[in-house]
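Asks: need a 3D model of the following:
(one chain, ligands or ions: 1)
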Amino acid sequence: MSRNIALPSGFPDPAGLSGSYIAGKWQVAADPQIIEVHNPADAAERVGRVAFADVRLAEAAVEAARAAWPQWRAVPLQDRKHRLAALLRRIEAEKESFARLITLENGKTLREAAAEVDASLAEARFQMDFVAEHLVKKQGGYETRHEPLGVVLLITPWNFPLATVLRKMIPALAAGNTVVLKPSELTPLTAVALFHLMDASGLPPGVANLVLGEGPVVGKALVQHLDVRAISFTGSTVTGLQLARLLDARGVRFQAEMGGANTLVVLADADLEATADAAVSAGFACCGQWCTGTGRVIVEQEKYAEFLPKLLTRLKKMVIGDGRDARVNMGPLISAQQRNKIEQAVQRALAEGARLLCGGRRPADPALQKGYFYEPTLLADVTAEMEAAQEEIFGPVLVAMPARDPDEALALANGTRYGLAFSVYTRDAEKAGKFLREVEAGLCHVNLPTGFRDPALPLLGWKDSGRGWPEAGKYGLEFFTRTKAVYGEPATCSKPERSQ
Ligand code: ADP
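Replies: This next block holds a predicted model:
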């Protein structure tokens, strides 16, 4: 099939039809389900069309990856690195187009999308260099080698359609694995654009394969394929736990980064202005659809009444709309279905006794009726037993809870089934230290927003926010390889002497 998302100019192409990329060719199933991708800010605007793969194509992708593996793993490391570096340079050269495409299919603002592209490239470069540096470690006369696993499956979500893909794909390929990517059915076009660049950068056929389609159909078939050696998943807790149960029994290496009702604790001595900025930036970025964003703000009672108006002032100033408009600082939700879910969650919170301080409805502006917009929402006086305190809402809704003292704030912070990101704002080093020791979360911050990350550090949610191995940092290499301890050098074989 033709290059329906033409690069460098003209992408995306609303009239084109994108298929899956398997064994170096764009492929469409015999009787494909055709899906239109619409702009969540204007459901009448078509961004592209894709043909979902069927189970047969999904299997063909794994077979192509398996067939390509012996050759790819034999490519010298520096050569693999060189090719991946060339791919990253191509992405860099197209970064404005990528940002625009992410905004069009996901709805986040252009500023947020550009930040995603920059962060993706920075993390990809970190991973590429880290793998190249640590793949073989000389220790005395011996070596620890990290050997690739074979075919690895990457399953990614719609909220960061480029970042989640590159975070997994670059270390997997750099280490010598071949990959099959199954991106979210809601944001397939970013992956299609990426694979066009991959195609142009001349990776051997079958090294990287793309399968478009629905999770329960092609995702399921890929997960069940016996030639898949490892699966890296980012998505909802429901799906992640379901896959974990299935894969535990089969002993397939698995990592899952899942949901989190992330907490930001505000102690009475905190800089309230800076804290309110952090709560709003991490709470409403990407319209609240961010795994490490802030969902719950737990405020020490003494400053509760003073802190809430600071949040309110900021929320009232937010401009919602089409992310391509530079004045806009919050785009729409990803879909009508997601908006319905959030509306229902807010209704249940109000029925349980939460107090609505702002939002809680769709905007009245006639210009916003064609998109999945929802006003920035602040729910106050939420208590531990309410669903809004316990469950991830994954939308532009911040839940505020008072706490008598730091101990109660800690208990509330730990009182959910999630444990992804956490932050405490305080000027007291001792109190901060206690939170860092006792909080049950994989990413913990002091005076930094919950979403803050450095690519060198691991990413793993605790409790129902994660399963299996961490990702990112050194785990890019660890997850996608197995170690081989090597004693003795092949070169010594030609010598006639024998040791006892
Ligand atoms: P969300 O609800 O945020 O879309 P999901 O967990 O449903 O999150 O989706 C994350 C990724 O997992 C997507 O690529 C989706 O297609 C995929 N997925 C969903 N269900 C399954 C499944 N049963 N098997 C494999 N992949 C799945």
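
Asks: in the longest helix along the chain, which residues are buried?
Replies: For the chain, the helix that runs over the most residues, judged by DSSP state H, is helix 110-134. Buried positions in helix 110-134, judged by neighbour count with 16 or more other CB atoms under 10 Å: 110, 112-117, 119-121, 123-128, 130-132, 134. From N, CA and C alone the C-beta is placed, and that goes for glycine too.

Asks: pLDDT (mean, whole number) over it?
Replies: Across helix 110-134, pLDDT averages out at 97.

Asks: please point out which parts of whatever helix or strand comes next after that helix sit buried.
Replies: Beyond helix 110-134 in the direction of the C-terminus, DSSP states H and E gives the next helix or strand as strand 136-139. Residues of strand 136-139 classed as buried by neighbour count (16+ other CB under 10 Å): none.

Asks: which residues are contacting strand 136-139?
Replies: With contact meaning CB atoms under 8 Å, 6 or more residues apart in numbering, strand 136-139 is reached by 77, 143-146.

Asks: mind giving me the packing neighbours of whichever helix or strand comes after that strand?
Replies: Scanning the chain past strand 136-139 towards its C-terminal end, the next helix or strand to appear is strand 142-148 (assignment: DSSP H and E). Using 3 or more CB pairs under 8 Å, 6 or more residues apart in numbering; DSSP states H and E, the elements in contact with strand 142-148 are strand 136-139, strand 481-486.

Asks: the following helix or strand past strand 142-148 - contacts with which helices or strands?
Replies: Next in sequence after strand 142-148, counting helices and strands by DSSP H and E, comes strand 151-155. Where contact means 3+ CB pairs under 8 Å, 6+ apart, strand 151-155 is packed against helix 55-74, helix 163-174, strand 178-182, helix 220-224, strand 228-234.

Asks: near the ligand, which residues of the chain are found?
Replies: With the criterion set to CB under 6 Å from any ligand atom, the chain comes near the ligand through 155-158, 182-185, 215-216, 219-220, 223, 235-236, 239.

Asks: any low-confidence regions in the stretch 401-500 of the chain?
Replies: 494-500 (pLDDT under 70).

Asks: the residue of it found nearest the ligand: how many residues sit nearby?
Replies: Among all residues of the stretch 401-500 of the chain, residue 467 sits closest to the ligand, at 12.5 Å; criterion: CB to the nearest ligand atom. A count of neighbours around residue 467, defined by other CB atoms under 10 Å, yields 22.

Asks: which residues does it form a beta bridge with?
Replies: Note on residue 467: beta-bridge partners by DSSP bridges are residue 256.

Asks: against residue 461, how distant is it?
Replies: For residue 467, the distance to residue 461 under the criterion CB to CB, to the nearest Å works out to 8 Å.

Asks: shared neighbours of those two, which are they?
Replies: Both residue 467 and residue 461 are in contact with residue 258, where contact means CB under 8 Å, 6+ apart.

Asks: centre of the chain to stretch 285-294, how far?
Replies: Computed by CA atoms, centre = their mean, to the nearest Å, the chain-centroid distance of stretch 285-294 equals 11 Å.

Asks: then stretch 169-185?
Replies: How far stretch 169-185 lies from its chain's middle: 14 Å, per CA atoms, centre = their mean.

Asks: what is the longest helix of the chain packed up against?
Replies: With contacts defined as 3+ CB pairs under 8 Å, 6+ apart, helix 110-134 has these neighbours: helix 77-93, helix 95-106, helix 163-174, helix 475-479.

Asks: and those helices, which is most packed in?
Replies: Burial among the helices and strands packed on helix 110-134, expressed as mean neighbours by mean count of other CB atoms under 10 Å, is greatest for helix 163-174, which shows a mean of 26.

Asks: what comes into contact with that helix?
Replies: Residues outside helix 163-174 that contact it (CB under 8 Å, 6+ apart): 72, 77, 80-81, 84, 88, 91, 116, 119-121, 123-124, 127-128, 130-132, 135, 152, 154, 156-157, 179, 181, 183, 190-191, 194, 203, 207-208, 232, 234, 471-472, 476-477, 479-480.
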